[in-house]
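Asker: Only the shape, not the letters, is given here:
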Ligand SMILES: Nc1nc2c(ncn2[C@@H]2O[C@H](COP(=O)(O)OP(=O)(O)OP(=O)(O)O)[C@@H](O)[C@H]2O)c(=O)[nH]1
Ligand SMILES: [Mg+2]
């Protein structure tokens, strides 16, 4: 008798894929990154927005991307590989957060440059996951970052997913308001070709985790 066949839902398959995430390399500057050969998904956002935590949650690993109570923790571009061990099919890039007041001016400018160059030049960038604290929504700094990719978002070559993080800290009503305000604020980047999503996310309660995995899987599988 054969074993009962196990059918996995698309969400389970997507989570199994994000679970394969493993550390690949770290780079202090762009020329230290490997040549872009795989579709890459960049995680960006203000310092403390929850980028590293989101990557850990998707990967179902506690300390893959270093998450911390100290803002400004991720100071390098950290790359993670996904897919079969012998045939990776995508990369996640955890980028340094911006907007942390205590970082001195020179370091701030240097990182702004790294981010701008990364977003402008990384050819195989498939998508950007922009994380924003759901209590703050999109700030001026987030819009400044979005300007760097706006053209590629509008023509559909870079997909955009905004995660409103720490949604566990909001009431249902506040969460709806955050979602609506962010959706409206993203209007300026939309077009016929643009692929833009917004979702509430909580690493703590696992809100949105399956949807995010499905979206990212779709970006690189298509
Ligand atoms: N309540 C709650 N806290 C969260 C959630 N996600 C992240 N945090 C907390 O927010 C803080 C910052 O999270 P990180 O993941 O380190 O943020 P980051 O965006 O990587 O920060 P930088 O590396 O400084 O850019 C940590 O104390 C996390 O525990 C969440 O879903 N809910
Ligand atoms: Mg981080």
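Answerer: Looks like it arrived, so ask away. Nothing here was measured: the structure is a model prediction, and the numbers come from that model. Ligands and ions are numbered 1, 2, ... in the order given.

Asker: for this structure, longest strand please?
Answerer: strand 125-133 (DSSP state E).

Asker: Could you identify the helix or strand that succeeds that one?
Answerer: Once strand 125-133 ends, the next helix or strand along the chain (criterion: DSSP states H and E) is helix 140-154.

Asker: Compute the inter-axis angle for that next one and strand 125-133.
Answerer: Counting by axes from the mean of the first three to the mean of the last three C-alpha atoms, to 10 degrees, helix 140-154 lies at 150 degrees to strand 125-133.

Asker: Would the lengthiest helix in the chain count as contacting ligand 1?
Answerer: Ranked by residue count, the top helix of the chain under DSSP state H comes out as helix 105-121. No: using C-beta under 6 Å from any ligand atom, helix 105-121 stays clear of ligand 1, with a minimum separation of 10.3 Å. Bear in mind the C-beta positions are built from the backbone N, C-alpha and C, glycine included.

Asker: and the gap between the residue in the chain that ligand 1 sits nearest to and ligand 2?
Answerer: Nearest residue of the chain to ligand 1, counting by C-beta to the nearest ligand atom: residue 97, 2.3 Å away. Residue 97 is 6 Å from ligand 2, where distance means C-beta to the ion, to the nearest Å.

Asker: same question, residue 44
Answerer: Taken as C-beta to the ion, the span from residue 44 to ligand 2 is 11 Å.

Asker: same check, this time on residue 93
Answerer: Plainly put, residue 93 is 12 Å away from ligand 2 if you go by C-beta to the ion.

Asker: go on, residue 108?
Answerer: 16 Å.

Asker: Repeat that for residue 145.
Answerer: 15 Å.

Asker: now swap in residue 191 and tell me
Answerer: Residue 191 is 31 Å from ligand 2, by C-beta to the ion.

Asker: which residues of the chain fall in helices?
Answerer: Under DSSP H, the chain gives helices at 10-18, 51-59, 105-121, 140-154, 172-185, 209-221.
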